[in-house]
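Asker: Below are the sequence and a predicted model for it; my questions follow.
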Amino acid sequence: MASYHTRSFSFPSNSHPVADQLDEQLSRLRSSQAASTSSLTNKLNSLNDLYKCVEEFLQLPHNQKTVSQSQGESSVEQVLDGSLRLLDICATSRDVLALSKERLQDIQSVLRRRCIGELDITNEVAEYLKTRKSSKKIIKKCLKDISAVGKTNESIAISSMLKDVQALTVDVFKCLLSYIGGSQKSSWSFSKLVGQGSEKEAAASISEFDAVDASLSQKKNVNVDMSQLVKLESEVQEIDEVLESLFRHLIKNRSTLLNVLSN
C-alpha cells in the first residue's frame, strides 16, 4: 500500500467548509483502502469524489494565493509532474480496457451466432489472448512508472495535502492495474488449480480478467461461459465510466495549478 499520512491537515480553525469536506473525503478513502471488502469500483468512486473536493478547494481565492506564492518550490513542481504521470496511466488503463472490451464483444458475437450453425471462435479467442499478453506488458510498465509519483518534500499545507491525494491515487491505481493485469501466473497454472478443486482459493487471489483468461486459454473452447464474458464486459464498462470522470478531474486540477502559477 502507498505511504500516505493518516492525519488531518492543520488548516485554520475558521477554514472554508470545503477544507473540512476534503479532509473527510481523504479519511473516507483511506478507510476504503484499508477495508479488504471494498470493491475496486467503490475505491475509484471514492477517489473521484475526492478529486471533486480538491477541485473546489483549489478554486478558493485564499488557496490560489497560497499556491501562487509557492511558485518555484520543488514540492509544487513535483506534484505537477506526478499529476502528469497519473494522467498518462489513467489514459493507458482506459485504452487497455477499451481493447479488451472490444475483443470480448467479438467472442460474444460469434457465440450468439452459434444458434444458427456451427461457428469456430478460435480466431476470436486467439486475438483476445494476444491482447491480454500485450496488456500485461503495458500494465507492468505502468506499475513501474507509478512508483515515481507522490515523492515530494513537504512545505506548505496545500502541497502536503496534494501529496497525500496523489499517494492515495497511486494506491488506488495500483489496485486498478492489478485488476486489469491479472495474475502473473500463467492461465494454464490457474486452470490446473481450479481443476484440482481449489476454486475458492483461486477466486480469492484473481480478478475477473484472470477467470476469463483461464477459461479461454483451455484448448477446447466449446463450453465458453457467455455469462462470464458478459460479467467481465459489464465490470470493464463500469470501471471505464468512473475513469472517464476521474480523468477529467485530473486534467482540471492540473490546469488550475498551472494557471495559478502562471499568473
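Answerer: Cool, got the structure. Bear in mind the structure is a predicted one, so any value in this text is a computation, not a measurement. Numbers count the residues shown, from 1 in each chain.

Asker: Val79 and Ser159 touch, don't they?
Answerer: Yes. The criterion here is C-beta atoms under 8 Å, and Val79 meets it with Ser159 at 6.4 Å. C-beta here means a position set from N, CA and C on the backbone, and glycine is covered the same way.

Asker: Low-confidence stretches in the stretch 51-200 of the chain?
Answerer: 72, 114-119, 150-156, 184-200 (pLDDT under 70).

Asker: Which parts of the stretch 151-263 of the chain are strands?
Answerer: With DSSP state E, counting those that start in this stretch as the criterion, the stretch 151-263 of the chain has no strands.

Asker: Not counting its neighbours along the chain, what's nearest His16?
Answerer: Residue nearest to His16 in three dimensions, not counting chain neighbours: Leu60, with 5.7 Å by C-beta to C-beta, 6 or more residues apart in numbering.

Asker: of Val79 and Ser159, who's got more company?
Answerer: Taking other C-beta atoms under 10 Å, Val79 and Ser159 do not tie; Val79 has more neighbours (25 against 22).

Asker: Who are the contact partners of that one?
Answerer: Thr152, Ser159, Leu162, Lys163, Gln166, Leu257 (C-beta atoms under 8 Å, 6 or more residues apart in numbering).

Asker: Look up phi and psi at it.
Answerer: phi -60, psi -40 (degrees, to the nearest 10).

Asker: what about it, distance to Val165?
Answerer: 9 Å (C-beta to C-beta, to the nearest Å).

Asker: rewinding a little: and the residue nearest to His16, how many neighbours?
Answerer: 14.

Asker: The one 10 residues further on now?
Answerer: Residue neighbour count, defined by other C-beta under 10 Å, stands at 17 for Ser70.

Asker: pretty sure it contacts Leu162?
Answerer: No. Taking contacts as C-beta under 8 Å, Ser70 lies outside contact range of Leu162: 10.7 Å.

Asker: what about Val149, which SS state?
Answerer: What DSSP: H, G, I helix; E, B strand; the rest coil gives for Val149 is coil.

Asker: Quickly find the element holding the closest residue to it other than its chain neighbours.
Answerer: Of all residues not flanking Val149 in the chain, Gly82 sits nearest, at 4.2 Å (C-beta to C-beta, 6+ apart). Using DSSP states H and E, Gly82 sits in helix 74-113.

Asker: Would you quantify the distance from Arg248 to Tyr51?
Answerer: Arg248 is 9 Å from Tyr51, by C-beta to C-beta.

Asker: Can I get the helix or strand where Asn45 lies in PDB? Just the C-alpha atoms.
Answerer: Assigned by DSSP H and E, Asn45 belongs to helix 40-59. This file holds the C-alpha atoms of helix 40-59, laid out as PDB (Å, rounded to 0.1, in the frame of the first residue of the first chain):
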ATOM      1  CA  LEU A  40     -12.300  -1.600  -6.900                       C
ATOM      2  CA  THR A  41     -15.300   0.400  -8.300                       C
ATOM      3  CA  ASN A  42     -16.100   1.700  -4.800                       C
ATOM      4  CA  LYS A  43     -12.500   2.800  -4.400                       C
ATOM      5  CA  LEU A  44     -12.500   4.500  -7.800                       C
ATOM      6  CA  ASN A  45     -15.800   6.300  -7.000                       C
ATOM      7  CA  SER A  46     -14.400   7.500  -3.700                       C
ATOM      8  CA  LEU A  47     -11.300   8.700  -5.500                       C
ATOM      9  CA  ASN A  48     -13.500  10.500  -8.000                       C
ATOM     10  CA  ASP A  49     -15.400  12.200  -5.100                       C
ATOM     11  CA  LEU A  50     -12.100  13.200  -3.500                       C
ATOM     12  CA  TYR A  51     -10.900  15.000  -6.700                       C
ATOM     13  CA  LYS A  52     -14.200  16.900  -6.900                       C
ATOM     14  CA  CYS A  53     -13.300  18.300  -3.500                       C
ATOM     15  CA  VAL A  54      -9.800  19.100  -4.500                       C
ATOM     16  CA  GLU A  55     -11.200  20.900  -7.500                       C
ATOM     17  CA  GLU A  56     -13.400  23.100  -5.300                       C
ATOM     18  CA  PHE A  57     -10.600  23.600  -2.800                       C
ATOM     19  CA  LEU A  58      -8.100  24.800  -5.400                       C
ATOM     20  CA  GLN A  59     -10.700  27.300  -6.600                       C
END
